[in-house]
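Undergrad: got a predicted model here, sequence first, then my questions.
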Amino acid sequence: MNKKLIVILGPTASGKTEMAMRLSKKFKGEIVSADSRQIYKEMNIGTAKPKKTFGIPHHLIDIIKLDQEFNAAIYKKLATKTIKDIQKRGKIPFLVGGTGLYIWTIVDNLKFSGISAQKELRRDLEKKSAKELFRFYKKLDPKGAKFIDKNNKRRLIRAIEVCKVTGKSFWQERKSEKPIFDTLQIGIKIEKRILEKRIEKRINQMIKMGLEKEAKTLFKKYGNVPTLCTIGYQEWFEFFEKKIDKETVKKEILKHTLSYAKRQMTWFRRDKRIVWLKDYKRIVELIKNFLKSEKIKSSKNNQSS
């Protein structure tokens, strides 16, 4: 069985989804999402789920309810099974997204601590805001705090949980095993100023499409669950309580999204195996060569600094 896997990654609004669909169509591939928010049902506008798939199968989108337990270890199990199934059918899997942790679980075959949920600790932590959780986590794991999504309550809670139980860094607890797949990682190269304009344009489009209504519906249905404490949704809390106006909401979403894109790039720059390109023809040529090549080493232990 061919174990080739192509990863298309990049910061939010970089154009990776459009590129991945174009490449999947050319190489008869299927897309496996590596997005920690698109995996949830009902969060549609605020997560920029693709509206048109052009007949290309998309996997791991809209599969989990907002109030269901989900983490990177579960993601790894589902994604690995999905990728193997695509390969068995003679198709090329494209792992596409901007959630670095999800991508690395597959590329480096990360092994997780296996620590079970600490219910009492979680109850206490869920009462805190994302800002409070991030400050707490930063004290426990200063290195990990540089890379974690500080607006993601669920991930912050899990990171704190692991640190408290093991007494070690959340990031040190994850270990790489022998890679399952022969992987090519392609990053979508984009200039900072262009990315910033695209992010602002996307936010404007989301608001026009009804992001406010979507957020209100989900808050009414689920309450202030950790999953909704994410960019594009959390900023509406105070608006619904009449504490801020819509323009302030928009500015906050933009500020948080720009900050998130910066953290994504900080994460991706750590991995020297990623090939950064923006030209479609060059990407096609790289993929052709990769698919013809023998197995390459994929372990981070072998990457150049």
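TA: Looks like it came in fine.
Undergrad: and the next element down the chain from the helix or strand bottoming out on mean pLDDT in the chain?
TA: Ranked by mean pLDDT, DSSP states H and E, the weakest helix or strand in the chain is strand 175-176, scoring a mean of 72. Downstream of strand 175-176, the next assigned helix or strand under DSSP states H and E is strand 182-188.
Undergrad: for that next one, list every residue counted as buried.
TA: 182, 183, 184, 185, 186, 187, 188 (16 or more other C-beta atoms under 10 Å). The C-beta positions use only the backbone N, C-alpha and C, and glycine is treated the same way.
Undergrad: which member of these is positioned nearest residue 169?
TA: Distance to residue 169 across the buried residues of strand 182-188 (C-beta to C-beta) is lowest for residue 185, with 24.3 Å.
Undergrad: who does that closest one bridge with?
TA: residue 7 (DSSP bridges).
Undergrad: wait, it sits on residue 108?
TA: No - applying C-beta atoms under 8 Å, one finds residue 185 not in contact with residue 108, separated by 10.8 Å.
Undergrad: where do the helices sit along the protein?
TA: Using DSSP state H, the helices found in the chain span residues 16-26, 72-88, 100-107, 119-126, 130-140, 153-166, 192-209, 211-222, 237-240, 246-269, 280-292.
Undergrad: hey, which of these is tucked in deepest?
TA: Of all those, helix 100-107 carries the top mean neighbour count, a mean of 23, counting by mean count of other C-beta atoms under 10 Å.
Undergrad: elements contacting that helix?
TA: strand 4-9, helix 72-88, strand 92-97, strand 182-188, helix 246-269 (3 or more C-beta pairs under 8 Å, 6 or more residues apart in numbering; DSSP states H and E).
Undergrad: hmm, try it at 6 Å
TA: For helix 100-107, the contact count by 3 or more C-beta pairs under 6 Å, 6 or more residues apart in numbering; DSSP states H and E identifies helix 72-88 as packing neighbours.
Undergrad: got the angle for the helix it packs on vs helix 153-166?
TA: 110 degrees (axes from the mean of the first three to the mean of the last three C-alpha atoms, to 10 degrees).
Undergrad: who touches helix 72-88?
TA: 1, 2, 30, 32, 59, 93, 101, 102, 105, 106, 112 (C-beta atoms under 6 Å, 6 or more residues apart in numbering).
Undergrad: and the pLDDT for residue 271?
TA: Listed pLDDT for residue 271 reads 94.
Undergrad: how much space separates it from residue 212?
TA: Computed as C-beta to C-beta, to the nearest Å, the residue 271 to residue 212 distance reads 37 Å.
Undergrad: for residue 258, same thing?
TA: Residue 258 sits 20 Å away from residue 212, going by C-beta to C-beta.
Undergrad: equivalent analysis for residue 8, please.
TA: Relative to residue 212, and taking C-beta to C-beta, residue 8 is found at 31 Å.
Undergrad: same check on residue 281?
TA: Per C-beta to C-beta, residue 281 is found 41 Å from residue 212.
Undergrad: then residue 42?
TA: 15 Å.
Undergrad: try residue 256
TA: 16 Å.
Undergrad: what does residue 10 give?
TA: 28 Å.
Undergrad: again, but for residue 108
TA: Look at residue 108 and residue 212: by C-beta to C-beta, they are 39 Å apart.
Undergrad: for burial, what's the neighbour tally of residue 181?
TA: For residue 181, the count of nearby residues is 22 (other C-beta atoms under 10 Å).
Undergrad: quick check: closest non-adjacent residue to it.
TA: The shortest distance from residue 181 to any residue other than its chain neighbours is 4.0 Å, reached at residue 5 (C-beta to C-beta, 6 or more residues apart in numbering).
Undergrad: so what's the residue count around that neighbour?
TA: Neighbour count of residue 5, defined by other C-beta under 10 Å: 25.
Undergrad: middle-most residue in the chain, spatially?
TA: Nearest to the geometric centre of the chain sits residue 99, at 2.1 Å (C-alpha atoms, centre = their mean).
Undergrad: no further questions, thank you.
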